[in-house]
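S.K.: sequence first, predicted model second:
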Amino acid sequence: MPRMHRRRFLQLSGAGTVSTATGGLAGILASGRAPAYAQEQTVHWLRWADFVPASDQFLKGPFTQQCQKDLGIKLTVETINANDIQARVTSAIQSGSGPDIFYLLNNWPQLYGQSAADVSELADELGKAQGGFYDICKVVGTIGGKWIGVPFCVGGGLIAWRKSWLEEAGAKDGFPKTWDEYRAVGQKLKKAGHPYGQTAGHTFGDAPGWWYPYLWSWGGKEVEADSKTVVLNSKETIESVKFAAALWKETMDEGGLSWDDTSNNRAFLSGTISATNNGASIYLEAKKKPDAYQTEKGEPMFKDILHASIPGGAGGVFNLPGPFTNMLMKYSKNQDAAKKFISWAHSKPVFQGWFNTQQGYTAGATKVWEDDPIWNVDPVMAPFKKIPVTGRLSGFAGPPNQKAAEAQTKYIIVDMYAKAIQGMAAEDSVKWAHGELVKVYA
């Protein structure tokens with residue numbers, strides 16, 4: 001018999017010689033494709049471990065379940081320490097695999113723009129539907145007019161302070177408004193065993209959130225508006241460093257050099273410090289557990305906590321807002337599902353559920369959330385509403401671009417103050433930091 005080639009055999013098989021029509025094994029072989037089964041869409045979202053635990057519980061429970069119901073998407077919400085996020089992003093980009101979406105803090109999106117998917121259509125639609133994004137969200141979420149991430153919300157720090165203790169130390173008219181007042185009150189507080197507490201360590205939130213506004217309040221800045229000319233080594237900066245070194249010894253818990261973003265929370269709630277620049281998590285935790293966190297008089301501590309802006313100097317009063325941005329990675333094999341998820345998660349009715357769990361810890365990234373009823377619930381939380389519009393971002397007086405993000409990630413400004421606190425001459429610490437910025441901005 002003449003030899004029959006395999007291709008001809010499959011053709012005949014597909015026609016019904018071995019099986020009927022195109023069914024069975026022969027049909028599969030003839031088509032060259034696996035049988036079509038409905039595949040469940042998945043999305044992996046990596047976020048920070050929120051300082052409001054109820055929010056993470058919501059995302060991993062009702063939120064994830066609703067996503068499955070509404071979109072048919074199996075959502076994995078992974079939470080890790082925020083200080084570890086950048087290492088995960090770098091690893092994922094290098095390997096070409098990892099979470100589909102990263103929840104990035106501050107101006108970090110600027111570091112990874114080349115590895116991000118274009119989400120301009122999504123961001124434009126959400127912005128139009130919700131009153132527009134705040135400027136700080138737009139500048140960190142775009143490069144060259146293209147959206148590299150979709151802004152989710154805005155965090156930031158204010159000073160949480162013990163009203164009774166500061167009044168005893170002389171702050172009768174509220175939290176000190178100037179650095180001289182802050183220093184005078186702090187000296188009395190530390191002698192009474194109630195120092196201020198701040199970090200000068202390598203930690204993502206509280207360190208830059210304190211030292212950048214501190215620098216600006218003295219009139220210091222990193223670069224000129226051209227984002228090229230480094231001007232850190234100035235009289236204003238040097239004076240700020242000299243004052244900071246003295247302030248640290250006279251008013252602060254000096255263990256703060258090694259603190260991370262949880263250390264000051266624990267210190268405040270344990271009653272070892274009287275004031276610290278932080279998000280609202282200290283107050284919310286004390287309010288949640290009034291029996292666990294009490295004053296020395298046996299009263300709920302949350303009733304003795306207020307929030308205030310950092311003191312000001314000749315340069316003004318500032319904060320460092322913390323935009324949060326969802327970045328969809330180019331390597332993701334779930335682009336369509338991830339975009340559907342982002343659109344759904346950022347939509348007003350879905351976002352509202354999560355926003356309620358924050359209790360004012362973050363503001364929305366779009367202006368529609370300024371009028372949300374959440375801000376009328378607790379007057380102590382109300383000041384956080386203004387965080388998106390009362391601050392400036394790192395890299396001032398230039399934009400918070402990739403170089404500004406690199407400088408912040410390297411903790412150059414934080415280390416400038418830390419070196420002086422540990423004994424380096426102010427002029428030398430400023431000269432060192434200036435040189436490091438030149439390397440970044442050159």
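M.R.: Ah, there it is.
S.K.: tell me where the stretch 101-250 of the chain has strands.
M.R.: 101-105, 142-143, 146-147, 150-155, 158-162 (DSSP state E, counting those that start in this stretch).
S.K.: check contacts around A169.
M.R.: V185, G186, K188, L189, A192, H194, S274 (Cβ atoms under 8 Å, 6 or more residues apart in numbering). To be clear about C-beta, it is placed using only N, CA and C from the backbone, and glycine gets the same treatment.
S.K.: a markdown table for those residues, including pLDDT?
M.R.: Shown next, in a markdown table, are those (pLDDT from 0 to 100):
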| residue | pLDDT |
| --- | --- |
| V185 | 98 |
| G186 | 98 |
| K188 | 98 |
| L189 | 98 |
| A192 | 97 |
| H194 | 98 |
| S274 | 98 |
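S.K.: out of those residues, which is most surrounded?
M.R.: Among the contacts of A169, S274 has the most neighbours (other Cβ atoms under 10 Å), with 28 neighbours.
S.K.: that residue and D428, how far apart?
M.R.: Look at S274 and D428: by Cβ to Cβ, to the nearest Å, they are 32 Å apart.
S.K.: ok, now E121?
M.R.: E121 is 51 Å from D428, by Cβ to Cβ.
S.K.: those helices in the stretch 201-350 of the chain, which residues are they?
M.R.: Assignment of helices within the stretch 201-350 of the chain using DSSP state H, counting those that start in this stretch yields the ranges 206-217, 235-251, 263-269, 281-288, 335-346, 348-358.
S.K.: quick one, which of those is nearest to S394?
M.R.: helix 206-217 (5.7 Å; Cβ to Cβ).
S.K.: same question for the closest one, mean pLDDT?
M.R.: Taken as a whole, helix 206-217 carries a mean pLDDT of 97.
S.K.: now that helix: how far from the chain's centre is it?
M.R.: 16 Å (Cα atoms, centre = their mean, to the nearest Å).
S.K.: tell me what angle that helix forms with strand 150-155.
M.R.: Between helix 206-217 and strand 150-155, the angle comes out at 80 degrees (axes from the mean of the first three to the mean of the last three Cα atoms, to 10 degrees).
S.K.: which strands and helices lie in contact with helix 206-217?
M.R.: Contacts defined by 3 or more Cβ pairs under 8 Å, 6 or more residues apart in numbering; DSSP states H and E place helix 206-217 against helix 235-251, strand 275-278, helix 412-421.
S.K.: save those as CSV, and put in mean pLDDT, distance to F51 and mean neighbour count too.
M.R.: Below are the helices and strands packed on helix 206-217 laid out as CSV (pLDDT from 0 to 100; distance: least, Cβ to Cβ, whole Å; neighbours: other Cβ atoms under 10 Å):
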stretch, mean pLDDT, distance to F51, mean neighbour count
helix 235-251, 98, 25, 19
strand 275-278, 97, 9, 27
helix 412-421, 98, 20, 23
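S.K.: can you list those in JSON lines and add distance to G209?
M.R.: Shown next, in JSON lines, are those (distance: least, Cβ to Cβ, whole Å):
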{"stretch": "helix 235-251", "distance to G209": "15"}
{"stretch": "strand 275-278", "distance to G209": "6"}
{"stretch": "helix 412-421", "distance to G209": "10"}
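S.K.: low-confidence stretches in the stretch 301-442 of the chain?
M.R.: For the stretch 301-442 of the chain, no stretch has pLDDT under 70.
S.K.: now the strands for it?
M.R.: Using DSSP E, counting those that start in this stretch, strands in the stretch 301-442 of the chain cover 305-308, 322-328, 363-364.
S.K.: which secondary structure elements does the last one sit against?
M.R.: Of the remaining helices and strands, those touching strand 363-364 by 3+ Cβ pairs under 8 Å, 6+ apart are strand 150-155.
S.K.: now the strand it packs on and strand 322-328, what's the angle there?
M.R.: 160 degrees.
S.K.: what is strand 150-155 packed up against?
M.R.: Using 3+ Cβ pairs under 8 Å, 6+ apart, strand 150-155 sits against helix 120-129, helix 135-141, strand 322-328, helix 335-346, strand 363-364.
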